[in-house]
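Participant: Next input, structure requested:
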Amino acid sequence: MQPHNDSAEATAGHAKVEATHLKGHLGTGGLVLTALALNAPLAMMAGYIPFDIGLGLGAATPLVFVLVMALMLVFAVGVLAMARHMRQPGAFYTYITAGLGRSAGLGAGLCALVGYILLAGGSYVFTGILIQKLVAAYVPGIHLDWWVGALGMWVLVTAISLFNIDVSTKVLGVFLCVEVAIVLLWNLRVFLDGGPEGRGLDVTAQLGTGSAGMAFLFGVASLAGFESLQVFRTETHDPLRTIPRASYATVALLAAFYALSSWAYLVAFGTDAAIATAADPAGGFTESLAHYAGRTIADLAVVIMVTSALASLLAMQNISARYVFALGRDGVLPAWLGKVDARFHAPTRAAGAIGASLGVFTLAVLALRLDPVLTYLATSGLGLWTLITLMGGTALSVVRSFRRNTGLEPSVWKALIAPGLATLGFAYVITQATLNKNVMMGGNATLATVSIGLVVAVFVGALVYSRWLHARRHEVWLRIGNQD
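Facilitator: Here you go, the predicted structure:
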């Protein structure tokens, strides 16, 4: 009987271990789809690209994306080198814990969670506005308030996020392929036509003019997301190979896509006219689609912008849920948030908590009668500022980690040079983001200052919480980052 009991206990112990681990079958393609969907390429074409061009950089805009790609690639070199030596996923949370200590890591984890919630919350408001305009344009006589579309999208996205990551990947893949195909078709038609001024560009003609810092800021924002692929580590097949491939592929594909598409945008309008479209970026891009690719494609693009928002929201909620799961797993947040659903092998409780938070956010915007456009601008701008600041902190953490553990990474390029260059690059971008915070967050300098102050307060609060854990719940403090 004793051997039988030992076997039963071993089986129970095995089941207990299994119940704490997420499962999935993500490959390189699935990870790339998740990161690409987070950036919503079609929405970027109708927003960030015209804005970058309108900052006065004009024909130099494609070059900005090449330079931003270089920054993100050297960032990826250090991050991926460090990730090979880490036990648990958690992206900013675990990276910064490993290099800068548990208190800073806890602050980074909570700020990353706040950043993604802000981005997702603002995106729900923006999606509601898109749906409102879509219904007004194509269903005459029906007025739909923005919050109806926002809550409808929230129900759909939250329901999908509760399931295994493989379900989300299939949804992301379908929508992403359609929106990328539309932009590439438009690119082709533009280059075949040649535009009013021809296909040639002097990318150096306007270097040094306009707001290069802001252009780099929005360039980094349009390539962000790959650094959080580590949160899917336990749901990925062969993560030591798959995640690096997906990370480099995401940066290269996005940079090439935006460089080519910004060049096409300049050709489609002519440089000066393209700069002028920044006043109405979505309208300018839609009309260009109609002119070069046909009204049917333009109408389809308007619909696909909504599905693009769905894919982006799903990616954001999946990433946010895994931050909550990691923090719950380590005991920093309530432990029940770190439990794995036995049926779906997914962080269903964490995903539900994120969904509930975003539902409350949307209802709060409605109840307080906040202006939806200003709310979107303020929350998305603050979310981007937060995540870009965490990128800089992660780059610094990589340098610090390898200097403290000199034998861990023999390559000086990976351990010092690449992450050092990334730290300097992000320091420049963060400085520009802070100096131009009012532009990022809707034009209200006071609101922008207060908003950044609130994120800083979250970080400081996390430091205080960490010291409390160290003194009162030391076993939980030791689990922060869960790397030892």
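
Participant: and the gap between Gly328 and Leu106?
Facilitator: Distance, Gly328 to Leu106, by CB to CB, to the nearest Å: 13 Å. Just so you know, the C-beta spots here come from the backbone N, C-alpha and C atoms, and that holds for glycine as well.

Participant: Of these two, which one has the most company?
Facilitator: Leu106 (26 against 20; other CB atoms under 10 Å).

Participant: Can you tell me the SS state at Val200?
Facilitator: Just so we're on the same page, residue 200 is Gly rather than Val. coil (DSSP: H, G, I helix; E, B strand; the rest coil).

Participant: quick one, phi psi at it?
Facilitator: phi -70, psi 140 (degrees, to the nearest 10).

Participant: ok now the longest helix seen in the chain, how far from the chain's centre?
Facilitator: If you go by DSSP state H, the chain has its longest helix at helix 102-138. Computed by CA atoms, centre = their mean, to the nearest Å, the separation of helix 102-138 from the middle of its chain amounts to 10 Å.

Participant: pLDDT of it, averaged?
Facilitator: Mean per-residue pLDDT for helix 102-138: 92.

Participant: Show me what it is packed against.
Facilitator: With contacts taken as 3 or more CB pairs under 8 Å, 6 or more residues apart in numbering; DSSP states H and E, helix 102-138 sits against helix 92-100, helix 146-161, helix 295-329, helix 348-367, helix 372-404, helix 445-472.

Participant: Identify, out of the ones you listed, the most deeply packed stretch.
Facilitator: helix 92-100 (a mean of 27; mean count of other CB atoms under 10 Å).

Participant: So which elements touch it?
Facilitator: helix 61-83, helix 102-138, helix 295-329, helix 372-404.

Participant: Just read off the phi/psi values of Asp371.
Facilitator: phi -70, psi 120.

Participant: What's the separation between it and Ala309?
Facilitator: Using CB to CB, we find Asp371 at a distance of 19 Å from Ala309.

Participant: next one: Ile452
Facilitator: With the distance defined as CB to CB, Ile452 ends up 26 Å from Ala309.

Participant: Find the residue at the geometric middle of the protein.
Facilitator: Gly225 (3.9 Å; CA atoms, centre = their mean).

Participant: Pretty sure it sits against Ala35.
Facilitator: Yes. Look at Gly225 against Ala35 with CB atoms under 8 Å: they come within range, at 4.5 Å.

Participant: Could you tell me which residues touch both of those two?
Facilitator: 250, 315 (CB atoms under 8 Å, 6 or more residues apart in numbering).

Participant: surely Ile49 meets Trp263?
Facilitator: No. With contact taken as CB under 8 Å, Ile49 and Trp263 are classed as non-touching, separated by 10.2 Å.

Participant: Could you check which of these two has the larger neighbour count?
Facilitator: Per other CB under 10 Å, whichever of Ile49 and Trp263 has more neighbours is Ile49, with 27 against 21.

Participant: tell me which element the more buried one is part of?
Facilitator: helix 48-52 (DSSP states H and E).

Participant: next one: Thr169
Facilitator: With DSSP H and E as criterion, Thr169 is part of helix 165-193.

Participant: For the stretch 101-250 of the chain, give me the ranges with low pLDDT.
Facilitator: Low-confidence segments of the stretch 101-250 of the chain, defined by pLDDT under 70: 166, 202-212.

Participant: What residue, apart from its backbone neighbours, is nearest Ser460 spatially?
Facilitator: Actually, residue 460 is Val rather than Ser. Spatial nearest neighbour of Val460, excluding adjacent residues (CB to CB, 6 or more residues apart in numbering): Gly107 at 7.7 Å.

Participant: Much appreciated, bye for now.
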